[in-house]
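[1] Just the structure for this:
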Amino acid sequence: MSMATAKEPTNSRGLIQRLNGPLGYAAVGLDSYMRIKEGESVPVAVGKALFTNALWAMVPGGMVGAVGLSLGFTAAQAVPMIANWIDQKRAALNQQRSQFGGNFQSTQAQQMMMNHGINQIVSARSQLAASMANHARNAQRVY
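    Numbers count the residues shown, from 1 in each chain. From the prediction side, this is the model:
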């Protein structure tokens, strides 16, 4: 009659089972240390740490799952802050863009006014050139 020995699976479940032990002890130790540092007595701090980490260990996946779950909660809480930061950056960029004429939208009436202004500038230049040519012609006769 042979006795079967419990053997860890070689897949990810076995890895999680191997990590749960040291990770659980480290979590209890760290939690106890933080509570003692805050002023609690050693037995009370260790008892609270054991209870807290026992609850976390009941999460599927043990302590590894609890760490993943807490990281997920942290990420979910950070999403609104990241969205607000992106909105602030977008608003600042739009404000800068509008300062430099980035929101200009041309209409047909504006195009007509711009063409009229350009024509007036060209006309004024040609009138100035003609006036100076006349002055030079007349000045040549007088002097």
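
[2] just checking, what packs against the helix or strand harbouring residue 134?
    Per DSSP states H and E: residue 134 is located in helix 108-142. Applying 3 or more C-beta pairs under 8 Å, 6 or more residues apart in numbering; DSSP states H and E, we find helix 108-142 packed against no helix or strand. Quick note: C-beta positions are derived from backbone N, CA and C, even for glycine.

[3] quick one: average confidence on that helix?
    Per-residue pLDDT over helix 108-142 has a mean of 86.

[4] Which per-residue confidence value corresponds to the most centrally placed residue in the chain?
    The centroid of the chain falls nearest to residue 82 when counting by C-alpha atoms, centre = their mean (4.7 Å). Per-residue pLDDT puts residue 82 at 86.

[5] Now do the SS call for it.
    helix (DSSP: H, G, I helix; E, B strand; the rest coil).

[6] let's number from 585 now, not from 1
    Shifting the count to begin at 585 puts that one at residue 666.
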